[in-house]
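In: 3D, please:
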Amino acid sequence: MNDFRFCPRCATELHSVHDGERDRLRCPACHYTHWNNPTPVLAAIIELSDREGRLLLARNAAWPGRMFALVTGFMEAGETPEEGIKREIAEETSLQVSALHLEGVCDFQQMNQVIIAYHAVCHGEIVLSPELAEYKLLAPQDVKCWRAGTGEILAQWLRRRGHEPQYVELPRR
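Out: Numbers count the residues shown, from 1 in each chain. I've put the predicted structure just below:
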């Protein structure tokens, strides 16, 4: 769950304490508490306005197998979620955003993340960053969703547009 073992202030080993709500890591020397708050992650349902409304799904170069999903990335300090997802889309695909709409927020507890998902209407030439191995352009009715996090947000997006989502089973880890 957590690899945080030493205090970032004084380097003393942290100890687990129960604070009335849950177990937390606390430094016995300086009383620093590691809150282990979730990390905000941004995700984009990318619709290509210049390609008949097709959706872009990408495969991360670090992923095993051939799973395609939404473009995602970490929100950085000093940016809004909207600025962050526009930056991530540009960095990972070279596409420009012409319209952006918040689609939903979900938790991804396995990674201690909160995912903020947007529908982004984009245009331009697709040039992938080294982070992404390949992409697919699919008509909305041909997209297969996954039963977790961003897959459920994508399914809701499809339903609002009159498409009953199809699901694919994720491989077990």
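
In: what's the closest non-adjacent residue to residue 133?
Out: residue 61 (4.3 Å; CB to CB, 6 or more residues apart in numbering). C-beta coordinates here come from the backbone N, C-alpha and C atoms, glycine included.

In: and for the one you found, the neighbour number?
Out: Residues lying near residue 61 (other CB atoms under 10 Å) number 12.

In: same question, residue 45
Out: Count around residue 45 with other CB under 10 Å applied: 24.

In: on that earlier part again, hang on, the residue nearest to residue 133 packs against residue 130?
Out: Yes: with contact defined as CB atoms under 8 Å, residue 61 counts as touching residue 130 (6.6 Å).

In: any common contacting residues for those two?
Out: Residues touching both residue 61 and residue 130 (CB atoms under 8 Å, 6 or more residues apart in numbering): there are none.

In: tell me the residue furthest from the middle of the chain?
Out: Distance to the chain centre peaks in the chain at residue 29, reaching 36.4 Å (criterion: CA atoms, centre = their mean).

In: so residue 88 versus residue 101, what's the distance?
Out: 16 Å (CB to CB, to the nearest Å).
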